[in-house]
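Peer 1: Quick one, structure for this:
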Amino acid sequence: QVQLVESGGGLVQAGGSLRLSCAASGRTINYYRMGWFRQAPGKEREFVASITLNGVSTYYADSIKGRFTVSRDNAKNTVWLQMNSLKPEDTAVYYCAADAPPVSLTGDPRSFDYWGQGTQVTVSS
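Peer 2: Purely as a prediction, here's the structure:
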């Protein structure tokens, strides 16, 4: 079992930045693909970004490409999502997720096995 706890959300003006953290416990995340998802009110949970086991490869949703960066430090059992040039449409609850082995490359939330409780990000115009 992996427990995930997100932090770093908050209220920011459009054009601002936030850095979300996801701290894992229970097991090392070395063998887990990690991902970030978000869910806005009345909408389905959507893929934001993912990062492979060793951090070499990253994948992003088109809507945030070039503005967000996902990274990880397996020694710290932590994953981050750096969010720059934030827009009001980025407002959502952001979730960290872990994909247990055998991992896949899909952005389908059903492929992820463990989830954090989420952190609210609100971007004002």
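
Peer 1: Which residues does residue 59 form beta bridges with?
Peer 2: For residue 59, the beta-bridge assignment (DSSP bridges) gives partners residue 50.

Peer 1: measure it to residue 5 for me?
Peer 2: For residue 59, the distance to residue 5 (CB to CB, to the nearest Å) stands at 23 Å. C-betas here are computed from N, CA, C, even on glycine.

Peer 1: The two: who's more crowded?
Peer 2: residue 59 (17 against 13; other CB atoms under 10 Å).

Peer 1: Would you agree residue 60 is in contact with residue 51?
Peer 2: No: counting by CB atoms under 8 Å, residue 60 stays clear of residue 51, with 10.0 Å between them.

Peer 1: How many residues are close by residue 57?
Peer 2: Neighbour tally, residue 57, other CB under 10 Å: 11.

Peer 1: dump the residue contacts of it.
Peer 2: residue 51 (CB atoms under 8 Å, 6 or more residues apart in numbering).

Peer 1: State the pLDDT value of it.
Peer 2: Among the per-residue scores, residue 57 shows a pLDDT of 94.

Peer 1: Phi and psi next, for it.
Peer 2: phi -110, psi 140 (degrees, to the nearest 10).

Peer 1: begin at 16 from here
Peer 2: Yes, from this point I'll number from 16; that puts the last item at residue 72.

Peer 1: still on that earlier bit, identify the contacts common to residue 75 and residue 66.
Peer 2: residue 85.

Peer 1: okay, these two: which has more neighbours?
Peer 2: The neighbour comparison of residue 75 against residue 66 (other CB under 10 Å) goes to residue 66, with 23 against 19.

Peer 1: can you name the farthest residue from the center of this structure?
Peer 2: residue 140 (22.8 Å; CA atoms, centre = their mean).
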